[in-house]
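1. this is a predicted model, with the sequence first.
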Amino acid sequence: MRTSLLVFVICYISYGTGSLPIECQRKFRTATGNCNNEGPSVRYGYDKEKGDCVRYYYNSCRGNKNNFASRSECLNRCNPESRCLLFTYENEGNWRLFKSYYYNATLDECRLTKTYTYHSTSEKYNRFANMKDCEKACRRNDTEDVYSSG
């Protein structure tokens with residue numbers, strides 16, 4: 001019985017710490033200044049505490065592999081089950097009855113969609129009741145999550 005419990009605990013701990021790719025487990029490092037005569041650039045890094053990808057200032061002198069060119073790239077690598085990545089049909093036209101919003105990861109924007117039937121906006125779907133909810137969940141305001149050293 002004790003052996004079974006020990007095996008369970010070891011497996012649970014291993015799964016919990018090994019579920020994220022290595023680069024996503026590392027804390028992203030914000031730029032502290034210029035590097036090789038180049039200023040910092042805005043990149044996306046995975047924040048384990050938030051469970052989300054955030055924008056920050058990056059330079060290659062202090063950087064690690066927890067840096068991605070886009071939020072979509074970061075989410076696909078570090079949080080592939082994010083509701084923001086779920087496929088949603090895009091329907092257009094004023095003759096549709098129900099409107100909702102969804103996040104288009106390729107374009108990094110929230111978009112309006114209209115359908116004949118009501119679609120749930122629960123957290124299991126990439127659908128939101130309004131633009132504000134979509135942007136809060138999937139497309140953070142730049143001033144909200146750009147980290148800098150100073």
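-> Received the coordinates, thanks. Residues are numbered from 1 along each chain as shown.

2. how about stretch 50-64: buried residues?
-> By 16 or more other CB atoms under 10 Å, the buried positions in stretch 50-64 come out as 52-59, 62-63. No exception for glycine: its C-beta is placed from N, CA and C like everyone else's.

3. now, these that are in strands?
-> Among the buried residues of stretch 50-64, the residues falling in strands (DSSP state E) are 52-58.

4. dump the residues you listed into JSON lines; add pLDDT as well.
-> Listed next are those as JSON lines, based on pLDDT from 0 to 100:
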{"residue": "Asp52", "pLDDT": "88"}
{"residue": "Cys53", "pLDDT": "91"}
{"residue": "Val54", "pLDDT": "90"}
{"residue": "Arg55", "pLDDT": "89"}
{"residue": "Tyr56", "pLDDT": "90"}
{"residue": "Tyr57", "pLDDT": "90"}
{"residue": "Tyr58", "pLDDT": "90"}
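
5. how many neighbours does the residue nearest to Asn76 when sequence neighbours are not counted have?
-> Excluding the flanking residues, the one nearest Asn76 by CB to CB, 6 or more residues apart in numbering is Leu85, at 6.6 Å. Counted by other CB atoms under 10 Å, the residues lying close to Leu85 total 15.

6. ok, Leu85 touching Cys74?
-> No: the criterion here is CB atoms under 8 Å, and Leu85 misses it with Cys74 at 10.7 Å.

7. surely Ala31 meets Gly45?
-> No: using CB under 8 Å, Ala31 is not in contact with Gly45; the gap is 11.5 Å.
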